[in-house]
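Visitor: Generate a structure from the sequence data that follows.
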Amino acid sequence: MQLAPFYPVVYQVLKPLFPNCLWSGCEHSRKIALTFDDGPHPEYTPQLLKVLDRHGILASFFWLGVCVNRSPATAKAVYESGHWIGLHGYDHRSFPMLSPIELKQSLEQTQEAIAQACQLSFEAVRDVRPPNGFFTPQTLDLLRQWNYRPVMWSVVPEDWLRPGVAIVVQRVLQQVKSGSLIVLHDGYHGGVDVAETADQLISTLLEQNYHFVTVDQLWKFNETQRNEAGID
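Guide: Here you go, the predicted structure:
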């Protein structure tokens, strides 16, 4: 069963309930974020990286620790190209199914893998996207206690089911708007199409005058807006 039609509704319901997560950027700015989950993949991610480089845009990647350990050179290439790196857990187990100890270990193992592959500090990677988008209030409480930032999404075209590049592109273009946070996949599920999908999407969205930013830039922009509005 394809759930793609329901994701916009889920987003509208969950965003006001969990405002401390990053769901999207400012609706009055043409800034959008293109993000990729489940990598790095030794074949699909380098193909995607070439597309991003050719268009001259930065994206954000949420990695599985097990995949970083399998493809450290690919991880390093992504990081050295200036893209933003986040955590997706070590092996894609849903966070609510893990005990607090297991969750902390999953995140720290992934941080360690990224730190070693990319030669950066352990503490530098603090953005977390829960696998499958599954979380509970307790999950968010733990992430906050451990100084992580939860990152969600506003546009999910369900590309991991491989409905076809044209359909994925169409779904994104139907939903995208100022501030959108788009999720695609460069891992074993969906990654085979990711370079072509990204190429078509980026070309069209640039023509529509969207400006691609990283997740970190969205955080900073949203914080500035909140400060100007006097929101705690």
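
Visitor: Could I get the buried residue list for the biggest helix by length in the chain?
Guide: Counting by DSSP state H, the longest helix found in the chain is helix 100-118. Across helix 100-118, burial judged by 16 or more other C-beta atoms under 10 Å covers 103-104, 106-107, 109-115, 117-118. To be clear about C-beta, it is placed using only N, CA and C from the backbone, and glycine gets the same treatment.

Visitor: now swap in stretch 20-30 and tell me
Guide: Here stretch 20-30 shows Cys21, Leu22, Trp23, Ser24, Gly25, Ser29, Arg30 as buried, counting by 16+ other C-beta under 10 Å.

Visitor: Kindly indicate which of those residues lies nearest Tyr44.
Guide: Comparing those against Tyr44 with C-beta to C-beta places Leu22 closest, at 25.0 Å.

Visitor: Okay, now the unreliable bits of the protein?
Guide: Applying pLDDT under 70 to the chain flags the ranges 1-2, 226-232.

Visitor: hmm, back to that, farthest pair within the buried residues of helix 100-118?
Guide: Maximum distance among these (C-beta to C-beta): 22.5 Å, for Leu103 and Cys118.

Visitor: Parallel or antiparallel, which strands does the longest strand anywhere in the chain pair with?
Guide: Counting by DSSP state E, the longest strand found in the chain is strand 31-39. Its sheet considered, strand 31-39 pairs with strand 60-63 (parallel), strand 181-185 (parallel), strand 211-213 (parallel) by DSSP bridges.

Visitor: Mind listing residues that contact the shortest one?
Guide: Judged by C-beta atoms under 8 Å, 6 or more residues apart in numbering, the contacts made with strand 211-213 from elsewhere in the structure are Gly25, Arg30, Lys31, Ile32, Ala33, Leu34, Ile57, Leu58, Ala59, Ile202, Leu205, Phe221.

Visitor: For those, which two are the farthest from each other?
Guide: Checking the contacts of strand 211-213 with C-beta to C-beta, the most distant pair is Ile202 and Phe221, at 20.0 Å.

Visitor: Among the two, which residue is more densely surrounded?
Guide: Neighbour totals were compared for Ile202 and Phe221, and Ile202 leads with 20 against 16 (other C-beta atoms under 10 Å).

Visitor: which residues touch that one?
Guide: Leu34, Val51, Leu52, His55, Ile57, Phe212.
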